[in-house]
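Engineer: Need coordinates for the following:
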Amino acid sequence: MHSPARMASLPESLPRICVALGFQTPEQLCAAAEREFKDGSKFLEFRLDYLTDPASGIEVMRSFRRNYPDSFILATCRHKQNTGYFKGSIDEQIKILEGAARNGAAALDLEIESAEKAKAAIRGMRDAAPLLVSYHNFQGTPALDPVLRRLRRIPADAYKVAITACKPSHNLRLLQFAREHRELPLVALAMSEMGVASRVLAPSAGCLYTYAAPDGQEGTAPGQIPARVMRNLYRCEKLTKRSQVYGVIADPVGHSKSPLIHNRALQARRIDAVYLPFLVPGTQLRDWMELAAGLPVMGFSVTIPHKQKIMRYLDTIDPLAKRIGAVNTVWRKAGKWRGTNTDVRGVVEPLSRNLRLAHARILIAGYGGAARAAAFALSDAGANVTITGRDPRKAQALAKAVRAAAVSLREAAAQPYAALVHATPIGMFPKTEECLFRDCIPAGTVFDMVYNPHETLLIRRAKEQGCSVIYGSEMFIEQAAAQFEIWTGEAAPVAVMRSALEQHGG
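Structural biologist: Prediction:
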């Protein structure tokens, strides 16, 4: 077995983020490379196999390196048989990569399948430029040590292992694998949206670098996120093995703006931590807890569809959250998982700024975790609460729990209320043209908990009817600020959080 040395001809200050560029024409490749370089990304992967004529990328590389000599280019020409697009022979594949090395490539990536068939050519490739031999699995996460043993049979300067995360704990397996082999020049990551955490945390686990997508463009592999987001929001390059991890669990999770505001808050308070989005299907909560314990995650937000089911995995739940039957905030203390519900603050604070809650007639639409928090909080505040929704039985069950009334949507529309609290996902991105109330909204004040989009169809209709409106962003900021304070013990920088949300249309 061969023991590789680090990429000798690359500086120790090799950037930790490599932007993967896959385009069909040389002009598109050149334009994208220039945009990314000027935006701060000096390490670029040229996927030559994406080009209609792969050899045409070599001239782009030579010209680009002449114009930007402090750039680092990784040349890849993956064969069609190995999930790439190159259709020529392996000999032709090798020649293109060697040509890239002679014209400015700082390193070459050759997939293991081609490398095993071209062992005689490996020495010549390494003479031309440092060689990275890569393994990709687009189906799942196999046993990783046998994969590494297979890779290391090929003499190379670095090795890459890219697997597909099919459940949350695959991130943990991948990151633990990277930590166990920190002495090797290794690149390891989990593809798919479920693998985002591994992409962000890989460098802090000892990997040489991680991959990102160009801004505003599709990546070359599932789960790649823009380099600007990796660099500025997640601060991937600055994370260490001591950095704390927080996050949000949801399904879907891609629309969540929680990473936006919590990362800005952590940065404002100079806390060495990152807040990540974790895609967790409803059937994989137990697996998520395995990941959370192993990373370790210090705290996390809980949203659709997990607010009620998460309770069975917690050691301690505060009394109000128990009464509500839903938890949106979890943290680790003294080795135990603890849960509470900051949605309560998110409901009461914005509404109390608009009306006196005691004895106010308030209609709550919904019966999930957020609706339950609103019902208990407003009932405790002395409001006269009524529950409605599309499923009368679920509305009646929540009404019974808080000693409130339950009415059908038709009955609700015929009665006047001081406020409507909309606590369903109807109208949430991407189904933004849906609205629970098709005609007249029976309230003077409308509070829509949906915050993405900022201006929901319900809010637009409420404005047209002359109602006062409370945006979902108000609840979102309030509950997030309470989470931040629980996790960090510091005052939440609310102005920073609100500004971050507003800058992105929230």
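
Engineer: right, and residue 254 touches residue 194 too?
Structural biologist: No - contact criterion C-beta atoms under 8 Å: residue 254 and residue 194 do not qualify, at 11.1 Å. Every residue, glycine included, has its C-beta placed from N, CA and C.

Engineer: More neighbours: which of these two?
Structural biologist: Under the criterion of other C-beta atoms under 10 Å, the comparison of residue 254 against residue 194 puts residue 194 first, with 25 against 13.

Engineer: now the more buried one, what's its secondary structure?
Structural biologist: Following DSSP: H, G, I helix; E, B strand; the rest coil, the label given to residue 194 is helix.

Engineer: Same question for residue 277.
Structural biologist: Per three-state DSSP, residue 277 ends up strand.

Engineer: what touches both of residue 254 and residue 194?
Structural biologist: residue 279 (C-beta atoms under 8 Å, 6 or more residues apart in numbering).

Engineer: Can you give me the domain boundaries for this protein?
Structural biologist: The chain breaks down into these domains under automatic domain parsing: 17-242, 246-341+487-503, 344-470.

Engineer: Mind giving me the packing neighbours of the strand or helix carrying residue 75?
Structural biologist: In the assignment (DSSP states H and E), residue 75 maps to strand 72-76. Judged by 3 or more C-beta pairs under 8 Å, 6 or more residues apart in numbering; DSSP states H and E, the packing partners of strand 72-76 are strand 43-47, helix 56-67, helix 90-102, strand 107-111.

Engineer: Output the ones you listed in CSV; the columns should cover mean pLDDT.
Structural biologist: Shown next, in CSV, are the helices and strands packed on strand 72-76 (pLDDT from 0 to 100):
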stretch, mean pLDDT
strand 43-47, 98
helix 56-67, 97
helix 90-102, 97
strand 107-111, 97
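
Engineer: Could I get these in JSON lines, plus columns for distance to residue 332 and mean neighbour count?
Structural biologist: JSON lines is the format used below for the helices and strands packed on strand 72-76 (distance: least, C-beta to C-beta, whole Å; neighbours: other C-beta atoms under 10 Å):
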{"stretch": "strand 43-47", "distance to residue 332": "35", "mean neighbour count": "25"}
{"stretch": "helix 56-67", "distance to residue 332": "47", "mean neighbour count": "19"}
{"stretch": "helix 90-102", "distance to residue 332": "47", "mean neighbour count": "20"}
{"stretch": "strand 107-111", "distance to residue 332": "39", "mean neighbour count": "25"}
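
Engineer: Could you dump those into JSON lines with distance to residue 118 added?
Structural biologist: What follows is the helices and strands packed on strand 72-76, written out as JSON lines (distance: least, C-beta to C-beta, whole Å):
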{"stretch": "strand 43-47", "distance to residue 118": "19"}
{"stretch": "helix 56-67", "distance to residue 118": "19"}
{"stretch": "helix 90-102", "distance to residue 118": "5"}
{"stretch": "strand 107-111", "distance to residue 118": "8"}
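
Engineer: Mind checking these for the one nearest to residue 242?
Structural biologist: Set against residue 242 and scored by C-beta to C-beta, these come closest in strand 43-47, at 24.3 Å.

Engineer: helices or strands next to that closest one in the packing?
Structural biologist: On a contact count with 3+ C-beta pairs under 8 Å, 6+ apart, strand 43-47 meets strand 17-21, helix 26-38, helix 56-67, strand 72-76.

Engineer: Would you give the sheet partners of the strand holding residue 75, along with the direction of each?
Structural biologist: strand 43-47 (parallel), strand 107-111 (parallel) (DSSP bridges).

Engineer: What segments of the stretch 301-450 of the chain are helices?
Structural biologist: 319-324, 343-352, 369-380, 392-401, 409-413 (DSSP state H, counting those that start in this stretch).

Engineer: Just the CA trace of the last one, in PDB.
Structural biologist: This points to helix 409-413. Presented in PDB, the C-alpha positions along helix 409-413 are these (Å, rounded to 0.1, in the frame of the first residue of the first chain):
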ATOM      1  CA  LEU A 409     -64.000  27.400   8.500                       C
ATOM      2  CA  ARG A 410     -67.400  28.400   7.200                       C
ATOM      3  CA  GLU A 411     -68.600  29.100  10.800                       C
ATOM      4  CA  ALA A 412     -65.500  31.100  11.500                       C
ATOM      5  CA  ALA A 413     -66.000  33.300   8.500                       C
END
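
Engineer: any low-confidence regions in the stretch 201-350 of the chain?
Structural biologist: Scanning the stretch 201-350 of the chain for pLDDT under 70 picks out nothing.

Engineer: And the strands in it, which stretches?
Structural biologist: 210-212, 244-250, 273-279, 297-302, 316-317, 329-333, 336-340 (DSSP state E, counting those that start in this stretch).

Engineer: Could you check how many residues crowd around the spatially closest residue to residue 261 that is not a sequence neighbour?
Structural biologist: Sequence neighbours aside, residue 497 is the residue nearest to residue 261 in space, at 4.2 Å (criterion: C-beta to C-beta, 6 or more residues apart in numbering). Residue 497 has 23 neighbours, counted by other C-beta under 10 Å.

Engineer: Nice, that's everything, thank you.
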